[in-house]
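Undergrad: model this:
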Amino acid sequence: MLRNKRNEAIVALLLVAPFVAIYGLIFIYPTIRLLIISFQDAPLIGSGEFVGLENYTRLWGDRRFNTAFWNTAYFVAITVIPGTLVAFAIALGINRLKGRVQALVLAMFFLPYILPVSVVYLIWDWTLNFQFGIAMYIFDILGIDRVPVFKSTVWFMPAVGLITIWWTAGFSILLFLSGLRAIPAEIYEAAALDNASRLTTFRQLTWPLMWPVTALVLTIQLILQLKIFDQVYLFSVGGRPNDNLVLVYYVFQRAFQYDQGGRAAAAAVVLFIIVIVVSVLNFQLTRLSKGRE
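TA: Numbering: from 1, shown residues only. The predicted structure follows:
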């Protein structure tokens, strides 16, 4: 028995070893290096001088970092919960359809999700560009003044948030549809026999049973939107990039434009901690959802 267990353990270690090696190479080692560099006054490539917590203390007095932090928080606020609610509502509507119509409508909503960010940028630049955007010609017809959406500090984040919801909603819709289809039909039949209204059925049955999926979607969206970069970077071209900074954009600027590897690493560590906190919240939400069942 001992020999068999020892053989099984050896086989298990051999099977797990490649994954552990790759995981350590592409995640553990870079994370450790990131932490080390965050305590140094170092360029992006090369050694630096140890400065302790100076890079972290300088972040809070950096106007650009404060702008990036609050822009990220604002972006999360206007995309995560609204995007989740929109995806849930669309999933409820698609779930009522049948056959090919359901498949066609689902494909229409999922199609943007598979588009690369460069294509998303071109589509919406053609739509909202101040000079040649389709929407601007509609404004001219209606007698409305044109709005420089991507060059306005007021309109930039809401516009990019709307585009992001349109772009990423497809995956959330799929998750919600999977959850809705997992609910037994007998539950709704029993509610119909009790003459429960649609609103009551939704509040008492659908919403509580869908809470685990909702918690999952919220957490995925939180992590994704905290790491927002591509859309902000592309739509800021020719605009006011320093006013539209988000945390990953700030890291990009410090590392690749100013060659300040230490300060970029410190900002990246702060973002990393925020993502970890979100993951812990996900665990708590999952426990809460189990308690409601």
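Undergrad: which strands or helices does whichever strand or helix holds Met108 pack on?
TA: Following DSSP states H and E, one finds Met108 within helix 99-110. Helix 99-110 sits against helix 63-95, helix 153-182, with contacts defined as 3 or more CB pairs under 8 Å, 6 or more residues apart in numbering; DSSP states H and E. From N, CA and C alone the C-beta is placed, and that goes for glycine too.
Undergrad: among those helices, which is nearest Val119?
TA: The closest of those to Val119 is helix 153-182. By CB to CB, the value is 9.8 Å.
Undergrad: next, the angle helix 99-110 makes with the closest one.
TA: Interaxial angle, helix 153-182 versus helix 99-110 (axes from the mean of the first three to the mean of the last three CA atoms, to 10 degrees): 150 degrees.
Undergrad: so where's the stretch 151-293 of the chain shaky on pLDDT?
TA: In the predicted model of the stretch 151-293 of the chain, residues 238-239, 283, 286-293 satisfy pLDDT under 70.
Undergrad: all helices of it, in order?
TA: Along the stretch 151-293 of the chain, counting by DSSP state H, counting those that start in this stretch, helices occupy 153-182, 185-193, 198-201, 207-226, 230-235, 247-252, 261-292.
Undergrad: return the most buried member of those helices.
TA: For those, the largest average neighbour count (mean count of other CB atoms under 10 Å) is found in helix 247-252, namely a mean of 22.
Undergrad: packing partners of it?
TA: Secondary structure elements in contact with helix 247-252, counted by 3+ CB pairs under 8 Å, 6+ apart, are helix 63-95, helix 230-235, helix 261-292.
Undergrad: report the backbone C-alpha coordinates of the helix or strand harbouring Asn4 in PDB.
TA: Using DSSP H and E, Asn4 falls within helix 2-23. In PDB, the C-alpha atoms belonging to helix 2-23 read as follows (Å, rounded to 0.1, in the frame of the first residue of the first chain):
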ATOM      1  CA  LEU A   2       2.800   2.400   0.900                       C
ATOM      2  CA  ARG A   3       4.600   1.600  -2.300                       C
ATOM      3  CA  ASN A   4       1.500   2.200  -4.400                       C
ATOM      4  CA  LYS A   5       0.800   5.500  -2.700                       C
ATOM      5  CA  ARG A   6       4.400   6.600  -3.200                       C
ATOM      6  CA  ASN A   7       4.100   5.700  -6.900                       C
ATOM      7  CA  GLU A   8       0.900   7.600  -7.300                       C
ATOM      8  CA  ALA A   9       2.500  10.600  -5.600                       C
ATOM      9  CA  ILE A  10       5.400  10.500  -8.000                       C
ATOM     10  CA  VAL A  11       3.200  10.200 -11.000                       C
ATOM     11  CA  ALA A  12       1.000  13.100  -9.800                       C
ATOM     12  CA  LEU A  13       4.100  15.300  -9.300                       C
ATOM     13  CA  LEU A  14       5.400  14.400 -12.700                       C
ATOM     14  CA  LEU A  15       2.000  15.400 -14.300                       C
ATOM     15  CA  VAL A  16       1.800  18.600 -12.300                       C
ATOM     16  CA  ALA A  17       5.400  19.700 -12.700                       C
ATOM     17  CA  PRO A  18       5.100  21.200 -16.200                       C
ATOM     18  CA  PHE A  19       2.200  23.400 -15.200                       C
ATOM     19  CA  VAL A  20       4.000  24.500 -12.000                       C
ATOM     20  CA  ALA A  21       7.200  25.300 -14.000                       C
ATOM     21  CA  ILE A  22       5.300  27.300 -16.600                       C
ATOM     22  CA  TYR A  23       3.200  29.100 -13.900                       C
END
